[in-house]
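Student: I would like to see how this sequence folds:
(one chain, ligands or ions: 1)
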Amino acid sequence: MNITKTPIEGLLIIEPRIFNDNRGYFFESYNKSTFNEAGITDEFVQDNQSKSQKGTLRGLHFQAPPFAQGKLVRVIQGKVLDIAVDIRKNSPTFGQHYSIELSAENQLQFWIPAGFAHGFITLEDDTIFTYKCTNFYNKASEGGIIWNDPDLNIDWGKIDVLVSDKDQILPQLKDFTSPF
Ligand SMILES: Cc1cn([C@H]2C[C@H](O)[C@@H](COP(=O)(O)OP(=O)(O)O[C@H]3O[C@H](C)C(=O)[C@H](O)[C@H]3O)O2)c(=O)[nH]c1=O
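Tutor: Numbers count the residues shown, from 1 in each chain. All right, here's what the predicted structure looks like:
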């Protein structure tokens, strides 16, 4: 397993060790020991999975403390552009984002600790997105940032987006106080 840091402190890219043979491939998608050694020591308590058609944009979401979630995300079918926005008030990269392409082909995983708003846009039909969370779902603590917040200046690509009604009315970052 190869772990790479990003320009935003805390965000990590995980490249699993893949064993290919004439049957196909095998890799460990999570191993508490190797992830702990890499500095990802949080306990995971819930796994999520969603399937979306091309152009679906989910996010940008977070849960406020004490239900803040770290997320270990990956794509098992299709491809997404994944985005994490730093909303830690005292962070030197507050309001900045990191984007990464995750796909069933590149098998990359992306570690997003608590303190980030997270979202993705699917780049292929029938994309299956799966992720481990360090805290349970708590609807009352959900928050978010509107996907096209001009201050974030996120390049989601040149495809038509499908966004839920709930996500279309999320606030801009400047219009709320981050709980982190
Ligand atoms: C997140 C979640 C949702 N739900 C229920 C609530 C709704 O009735 C239904 C769909 O939820 P939602 O529209 O919030 O799903 P997404 O838009 O994919 O939300 C996720 O999108 C971005 C990318 C994230 O990072 C978060 O994990 C999460 O907010 O599933 C649950 O029962 N448990 C859960 O953990």
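Student: now do the strands for this protein: every range, in order, please.
Tutor: 2-5, 12-15, 19-21, 24-26, 46-52, 56-63, 71-77, 79-86, 97-103, 109-112, 116-122, 127-133, 142-144, 162-163 (DSSP state E).
Student: pull the number of nearby residues for the residue nearest to Tyr137 when sequence neighbours are not counted.
Tutor: Among residues not flanking Tyr137 along the chain, Gln46 sits closest, at 6.6 Å (C-beta to C-beta, 6 or more residues apart in numbering). Quick note: C-beta positions are derived from backbone N, CA and C, even for glycine. Residues near Gln46, counting by other C-beta atoms under 10 Å, number 13.
Student: ok, longest helix in the protein?
Tutor: helix 32-37 (DSSP state H).
Student: how near is the residue lying farthest from the centre of the chain to the ligand?
Tutor: If you look at how far each residue of the chain sits from its centre, by C-alpha atoms, centre = their mean, the farthest one is Asn22, at 32.4 Å. For Asn22, the distance to the ligand equals 36 Å [C-beta to the nearest ligand atom, to the nearest Å].
Student: around the ligand, pick out the residues from the protein.
Tutor: 48, 50, 58-59, 61, 71, 118-120, 137, 164 (C-beta under 6 Å from any ligand atom).
Student: buried ones only from those, please, as a PyMOL command.
Tutor: Restricted to buried positions by 16 or more other C-beta atoms under 10 Å, the PyMOL selection for the residues of the chain next to the ligand reads:
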select buried, resi 58+59+61+71+118+119+120
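Student: in CSV: the residues of the chain next to the ligand, plus distance to Ile128 and pLDDT.
Tutor: CSV is the format used below for the residues of the chain next to the ligand (distance: C-beta to C-beta, whole Å; pLDDT from 0 to 100):
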residue, distance to Ile128, pLDDT
Asn48, 11, 98
Ser50, 7, 98
Arg58, 13, 98
Gly59, 17, 96
His61, 18, 98
Lys71, 16, 98
His118, 17, 98
Gly119, 16, 98
Phe120, 12, 98
Tyr137, 19, 98
Ser164, 18, 97
